[in-house]
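Peer 1: model the structure of this input:
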Amino acid sequence: MMKKKLLIAGILLVIVAASAFYFLNQGGGLQVNAAEVRFGKIEEYVEETGVVAARNHIQVYSPASGKVTQVLVDIGDQVMEGDVLARLDGETLSLQLAQLDAQRSAALAQLDDARKAGDANAIRSIQLDIQQLAGTIQDMEEELENTRTLYEAGAISKDQLDSAERSLETQKTNLEKLKLQLNQLNSPVSQNLIAQYEAQIRQIDLQKEELASSGEDYTIVSGTSGTILGKTVEKGSYLQPGMSLMEIGDTANLYVESDILVSEIGDVKEEQVVRLQNRDLGIDVTGKVDNIYPNAFSKVSDLGVEQKRIKVEIEMDQMPEGLRPGYDLQVRIITKSSEDTLIIPENAVFTMENRDYVFVASDGVAELREIQSGIQSGNDMEVLSGLSEGEMVIQSPDGELEEGAAVEVIMQE
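Peer 2: This next block holds a predicted model:
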């Protein structure tokens with residue numbers, strides 16, 4: 001009886017051991033997620049929010065004080081340059097003419113400033129920085145030659161030589177950035193801004209002519225052709241000089257404005273392709289960078305952080321139906337792109353000793369592979385060498401994974 005019990009216990013022990021062996025081997029080792037190396041197109045981009053704006057956009061201001069006797073247009077109406085917008089009962093004709101003259105002088109001064117290429121002091125400052133940095137680079141190049149001689153003689157280590165070479169390349173990069181800033185300062189200001197000032201001067205001239213012939217009744221006319229986008233004046237309103245009355249813009253000629261961080265503007269160039277989207281409105285079009293403003297400005301982010309930005313104008317290749325001024329669009333300015341290249345998830349790549357690596361799941365084993373990475377776009381990474389199409393790379397490898405470890409792919413993407 002005892003032998004029978006021992007035999008049964010032995011059989012059970014064998015079954016348990018065999019089951020454990022089976023499941024351990026069936027499991028294939030450490031469970032991992034993996035993705036297939038694929039061919040495709042990848043794009044590096046600068047992403048921001050853009051706002052749709054109308055060309056020939058102007059604000060109509062009251063040039064004089066008085067009570068509004070007529071408002072002849074409403075929001076959405078189309079007007080031509082010189083059309084009457086409103087009439088008011090002027091109080092003092094000579095005072096109104098003097099105010100118009102003062103406004104015209106101010107507008108001329110703004111137009112003159114806008115036509116200047118950039119701030120002369122800022123341009124001179126960057127020119128001096130470029131001269132100084134160029135001299136520093138020349139000295140560093142001479143010093144690098146001495147460093148190479150010492151390295152070849154065995155007096156210094158390879159790390160010291162590499163450090164000197166990296167320092168020189170960093171300064172050369174800084175020099176290119178300064179040259180880019182200088183080009184931006186020397187770039188002409190937006191033609192749209194110049195057009196706004198010119199339209200404002202035309203409007204003032206028309207108002208002066210109308211005022212001189214109207215006697216007690218003063219007529220406010222449009223300084224441009226377009227659509228009434230906004231209106232803050234009604235019959236019976238009492239106006240003071242400089243009060244905003246209406247907003248006019250050419251809704252048939254729209255473009256997109258986007259404020260780009262100074263830290264990213266170096267990658268942005270005129271004529272670069274731009275993708276413009278608003279999924280809620282069903283808008284998905286392309287465009288190009290039409291103008292990069294020469295000067296930066298401060299802007300407070302949604303998180304309350306003050307940032308330096310540069311305004312960029314984007315011309316659309318086609319006008320989406322129903323697009324209106326003030327709409328927000330997602331802006332992606334394509335700074336680099338590569339066609340028919342190998343692509344893997346970015347989270348498969350990790351760095352050791354300044355080199356990029358991945359783990360490849362090959363026949364149930366993790367194989368460590370050094371790669372040369374290229375463009376990164378969102379969650380994707382371009383691979384220039386080290387992998388082949390169809391191989392499986394392990395995503396988000398953790399510290400437990402080692403070269404030669406048994407792995408089981410539980411999810412493929």
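
Peer 1: name the residues of stretch 392-410 that are buried.
Peer 2: Across stretch 392-410, burial judged by 16 or more other Cβ atoms under 10 Å covers 392-395, 397, 401, 405, 407. Just so you know, the C-beta spots here come from the backbone N, C-alpha and C atoms, and that holds for glycine as well.

Peer 1: look up how far S373 lies from E313.
Peer 2: Look at E313 and S373: by Cβ to Cβ, to the nearest Å, they are 33 Å apart.

Peer 1: more neighbours: those two, which one.
Peer 2: E313 (22 against 19; other Cβ atoms under 10 Å).

Peer 1: who does that one bridge with?
Peer 2: E257, N291 (DSSP bridges).

Peer 1: surely it meets I260?
Peer 2: No - using Cβ atoms under 8 Å, E313 is not in contact with I260; the gap is 11.1 Å.

Peer 1: which one of the buried residues of stretch 392-410 is nearest G326?
Peer 2: Looking at those and their distance to G326, the nearest is Q395, at 41.5 Å (Cβ to Cβ).

Peer 1: next up, phi/psi of the closest one, please.
Peer 2: Torsion angles at Q395 (phi, psi; degrees, to the nearest 10) stand at phi -90, psi 140.

Peer 1: tell me how far it lies from Q372.
Peer 2: Counting by Cβ to Cβ, the separation of Q395 from Q372 is 19 Å.

Peer 1: those helices in the stretch 151-300 of the chain, which residues are they?
Peer 2: Under the criterion DSSP state H, counting those that start in this stretch, the stretch 151-300 of the chain contains helices at 158-186, 191-214, 262-265.

Peer 1: quick one: average pLDDT of the second one?
Peer 2: On average, the pLDDT along helix 191-214 is 75.

Peer 1: now do stretch 330-341, average pLDDT.
Peer 2: Computed over stretch 330-341, the mean pLDDT rounds to 93.

Peer 1: which residues sit against it?
Peer 2: Applying Cβ atoms under 8 Å, 6 or more residues apart in numbering, the contact partners of stretch 330-341 are 39-50, 256, 258, 260, 267-269, 272-278, 289, 312, 314, 374-375, 382-384.

Peer 1: let's go with 6 Å and repeat that
Peer 2: With contact meaning Cβ atoms under 6 Å, 6 or more residues apart in numbering, stretch 330-341 is reached by 39, 41-48, 50, 258, 267-268, 272-275, 277, 375, 382.

Peer 1: centre of the chain to it, how far?
Peer 2: Its chain's C-alpha centre and that of stretch 330-341 lie 12 Å apart, by Cα atoms, centre = their mean, to the nearest Å.

Peer 1: which of the residues in it are buried?
Peer 2: Judged by neighbour count using 16+ other Cβ under 10 Å, the buried positions of stretch 330-341 are 330-335, 338, 341.

Peer 1: need those in CSV with distance to D89 and secondary structure, can you?
Peer 2: Output for the buried residues of stretch 330-341, formatted as CSV (distance: Cβ to Cβ, whole Å; DSSP: H, G, I helix; E, B strand; the rest coil):
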residue, distance to D89, secondary structure
Q330, 49, strand
V331, 47, strand
R332, 53, strand
I333, 51, strand
I334, 56, strand
T335, 57, strand
S338, 67, strand
T341, 71, strand
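
Peer 1: and which of those residues is nearest E321?
Peer 2: E321 has its nearest neighbour among these in Q330, at 18.4 Å by Cβ to Cβ.

Peer 1: how much space between that closest one and I314?
Peer 2: In terms of Cβ to Cβ, Q330 sits 12 Å off from I314.
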